[in-house]
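A.B. asks: how would this look folded up:
(one chain, ligands or ions: 1)
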Amino acid sequence: MRFLTGGGEMGNLIRSVNWSATPLGDPTDWSPTLKTHVSTMLHNKIGMYIAWGKEYIQLYNDAYRPILGSVKHPAAMGISTRETFAEIWHIIESMFADVMAGNSVGFPDFMLPLERNGFVEECFFDFSYSPIFEIDGTVGGVLVTVIETTEKKRNFERLSDRQRQLDFTIEAADLATWDLDPKTNKFVGNDRLKKWFGLETDEEIALPVAFDRIIVQDRERVANAIEAALKPGSDGSYEIEYTIFNPVNNKYKNVLARGKALFDKDDRPFKFSGILQDVTSFADITKHLKEVGERFETMANNMPNLAWIAHADGWIYWYNKQWYNYTGTVAKDMEGWGWKSVHDPIEFPRVLKVYEESIKTGHPFEMVFPIKGADGIFRPFLTRTVPIKNDTGEIINWLGTNTDITKQKEAETLKENFLSMASHELKTPVTTIKAYAQLLETIAASGEAMPIGEMLQKIVKQADKLTSIIEDLLDITKIQKNKFVFNNAVFNFNELVNEAVEDMQRISGRHTIETNFDSNIEIHGDRDKIIQVINNLISNAVKYSPQSDRIIIATRLLDGGVQLSVQDFGIGIEGKKHQNIFEQFYRISDSSQYTFPGLGIGLYIASEIVTLLGGKIWLESEMNKGSTFYVWLPAKT
Ligand code: ADP
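C.D. replies: Residues are numbered from 1 along each chain as shown. Have a look, this model is predicted:
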């Protein structure tokens, strides 16, 4: 049985089978054709299988053996195909019959549902069934040559699945893909890439053409990035954002390119591929957001108020510059609830309660409380917070502003003081007039002849005082309503000052008013109103210098006009208050407030008059040394 020598494991198996017990009988009696084929089969490296005779008794080689899985082998050797492949017999029976009729059949990747490992599995084969002709021309059996392609097929399907997923992702993410062969510089891209670059979809891409679509200022950067990715020793990564210009639609597009170069064992790049993402809109949005952010910062940092932003839970995470400037703090001190440190500890619990309540309920917050400045002084601030909501109405932030209302508070105090002073000032003359009138009444009733001239003089004096206060108050109303009427005429300034001085000298008992006049000058203006200004300055000089008896009035020609000065040697005015005393209702609020009666409106009216005449009013003063008030008026032109 030389034909049965060798043949590997299956050779051994064939030799061990008791063929006499099979329809094939003893191998020595096999037909020469069968012997030749069995021998050829056993020495072949491709899977071969013979189904011999009408019974299709099976013989197979080592390469075929895996097709039989774990349950069909070794039982299959020497038994009928019908038995071994019962589960597919209905498929292959007709094919075998065809082969027995002298025909060959064969298919690539043919699927057979085999039950070879205890379960049914789809198996794929490239196979050929061919007849084995006996010398007499009859067909002795079927020769099967087969290569199992199940694994290849599965891999292919897996790959196709992955490709499909990849295609889907690329499609869904609106990505363009590219592949550059580093050896040939051949550049391939998907249709989207070609569209973006303004190339026909069936057009081959020449790298220089694609490169030309990159805007000039970006080209060098891109070239350098590609070179860096392809450089041996690099990790091959490539990421760069640049702008392309599409000449077909005349549009610019910002793209983000990402890719990877792969290197062979000699560290030479053999593949360089990746994607392009359209980031035009991202870039626009980012730019827009940046601009909005910058605009907000600029606005918030330039408004006079202190401002801040908190999270929905009240945790403050941003303050504007004014906050830091005013409080003299830095971001680190202020984070979260750090703002407590600039609060008045006595007021703080009240503030916190309202703030927390507002955060809990989502209602805006409005409150006045003191905040400590960098100079350690607490000033009153009107604080407002408003909730900022998202599209669904949920509070995402709180925006807070603190407005310094020191000035308003001061104005309020001034007004309150004014009212109390005004009632006092009006009441005094009225009381005096009433007292003298009653006295005169009593005298008249008694029928006695008594000197009443002095009493009448006092009544007139008090009535004048009342008239003057009422006139001042009316002036204020007129100024406020812009109805201050000027009866302008040309007059001699020194004469006018002299007149005023003489009048004032009469009533200002112990003070001597000295004068020092420059040359004469003509002025165009409202005589009475200028006298009113001078009277006011002289009466203040008298009033605020009780310990002295000198007042010096001077005129001086200066800068195309005349300067009048009224100097006293009285209590003086602190430097920082020099500006304020020309404000409405402003009185120096210290212990002297009630010592010197007044309504704080004389200098306000004086400054309005002077300004409306195109002049200036100012002062020089030192505490306890005295004050000099200056008025400059333009000369007649
Ligand atoms: P008043 O009726 O209170 O005198 P004014 O408007 O004339 O009002 O003056 C405003 C404030 O300026 C005064 O209350 C006083 O404190 C201060 N003042 C004005 N003139 C003098 C002065 N010559 N010396 C000191 N203080 C003055």
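A.B. asks: May I have the residues that are in contact with residue 209?
C.D. replies: Counting by Cβ atoms under 8 Å, 6 or more residues apart in numbering, residue 209 makes contact with residue 199. Placement of C-beta: from N, CA and C, glycine included.
A.B. asks: three-state assignment of it?
C.D. replies: Taking DSSP: H, G, I helix; E, B strand; the rest coil as the rule, one finds residue 209 in the helix state.
A.B. asks: Local confidence estimate at it?
C.D. replies: As summarised for this prediction, residue 209 has a pLDDT of 83.
A.B. asks: list the buried ones in stretch 601-612?
C.D. replies: In terms of neighbour count (16 or more other Cβ atoms under 10 Å), stretch 601-612 has its buried residues at 601, 602, 603, 604, 605, 606, 607, 608, 609, 610.
A.B. asks: just checking: which of those also lie near the ligand?
C.D. replies: Among the buried residues of stretch 601-612, the ones lying near the ligand by Cβ under 6 Å from any ligand atom are 601, 602, 603, 604.
A.B. asks: Out of these, the closest to residue 103 would be?
C.D. replies: Residue 103 lies nearest to residue 604 out of these, by Cβ to Cβ, at 125.8 Å.
A.B. asks: quick one: contacts of the helix or strand hosting that closest one?
C.D. replies: Here residue 604 sits within helix 602-612, counting by DSSP states H and E. Residues outside helix 602-612 that contact it (Cβ under 8 Å, 6+ apart) are 472, 475-476, 479, 484, 486, 526, 529-530, 532-533, 536-537, 539-540, 581-586, 616-617, 631, 633.
A.B. asks: okay, that helix in CSV with CA atoms only?
C.D. replies: In CSV, the C-alpha atoms belonging to helix 602-612 read as follows (Å, rounded to 0.1, in the frame of the first residue of the first chain):
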residue,chain,number,x,y,z
GLY,A,602,-26.7,133.5,49.7
LEU,A,603,-23.5,132.3,48.1
TYR,A,604,-25.5,130.0,45.8
ILE,A,605,-27.5,132.9,44.4
ALA,A,606,-24.4,135.1,44.2
SER,A,607,-22.5,132.5,42.2
GLU,A,608,-25.5,132.0,39.9
ILE,A,609,-25.6,135.8,39.2
VAL,A,610,-21.9,136.1,38.6
THR,A,611,-21.8,133.1,36.3
LEU,A,612,-24.8,134.3,34.3
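A.B. asks: Skipping adjacent residues, who's closest to the residue of the chain found nearest the ligand in space?
C.D. replies: Ranked by Cβ to the nearest ligand atom, the top residue of the chain for proximity to the ligand is residue 598, at 2.5 Å. Counting by Cβ to Cβ, 6 or more residues apart in numbering, residue 598 lies nearest to residue 587, which is 6.3 Å off, once chain neighbours are set aside.
A.B. asks: Which residues are in contact with residue 326?
C.D. replies: Residue 326 makes contact with 306, 371, 373, 374, 404 under the criterion Cβ under 8 Å, 6+ apart.
A.B. asks: Is there a quick ChimeraX command that grabs whichever of the residues you listed are buried?
C.D. replies: Of the contacts of residue 326, the buried ones can be selected in ChimeraX as follows, counting by 16+ other Cβ under 10 Å:
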select :306,371,373,404
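A.B. asks: Adding distance to residue 123 and secondary structure, write the contacts of residue 326 out as a markdown table.
C.D. replies: Below are these laid out as a markdown table (distance: Cβ to Cβ, whole Å; DSSP: H, G, I helix; E, B strand; the rest coil):
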| residue | distance to residue 123 | secondary structure |
| --- | --- | --- |
| 306 | 80 | strand |
| 371 | 84 | strand |
| 373 | 88 | coil |
| 374 | 86 | coil |
| 404 | 88 | strand |
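A.B. asks: Among the contacts of residue 326, which one sits closest to residue 194?
C.D. replies: Each of those was scored against residue 194 by Cβ to Cβ, and residue 306 proved nearest at 56.9 Å.
A.B. asks: Go ahead and name everything in contact with the helix or strand of the chain at the bottom of the mean pLDDT ranking.
C.D. replies: The helix or strand of the chain with the poorest confidence is helix 280-302; it has a mean of 80 (mean pLDDT, DSSP states H and E). Residues outside helix 280-302 that contact it (Cβ under 8 Å, 6+ apart) are 241, 252, 253, 254, 255, 307, 320, 321, 322.
A.B. asks: Can you report phi and psi for residue 347?
C.D. replies: Reported as degrees, to the nearest 10, the phi and psi values for residue 347 are phi -80, psi -30.
A.B. asks: Which residues are in contact with the residue nearest to it when sequence neighbours are not counted?
C.D. replies: Computed as Cβ to Cβ, 6+ apart, the closest residue to residue 347 that is not its neighbour in sequence is residue 369, at 5.2 Å. Neighbouring residues of residue 369 by Cβ under 8 Å, 6+ apart: 343, 344, 347, 350, 351, 380, 381, 383.
A.B. asks: low-confidence ranges in the stretch 101-250 of the chain?
C.D. replies: The model of the stretch 101-250 of the chain has pLDDT under 70 over residues 203.
A.B. asks: In it, what residue spans correspond to helices?
C.D. replies: 150-172, 191-196, 207-212, 216-230 (DSSP state H, counting those that start in this stretch).
A.B. asks: How about the stretch 401-550 of the chain?
C.D. replies: Using DSSP H, counting those that start in this stretch, helices in the stretch 401-550 of the chain cover 406-446, 453-480, 493-507, 527-543.
A.B. asks: Which strands or helices does the longest one pack on?
C.D. replies: The criterion is 3 or more Cβ pairs under 8 Å, 6 or more residues apart in numbering; DSSP states H and E, and the helices and strands that helix 406-446 contacts are strand 378-389, helix 453-480.
A.B. asks: Could you say which of these is packed most deeply?
C.D. replies: Of the helices and strands packed on helix 406-446, the one with the most neighbours on average (mean count of other Cβ atoms under 10 Å) is strand 378-389, at a mean of 17.
A.B. asks: Partner strands of that one and their direction?
C.D. replies: Take DSSP bridges as the rule and strand 378-389 pairs in its sheet with strand 365-372 (antiparallel), strand 395-404 (antiparallel).
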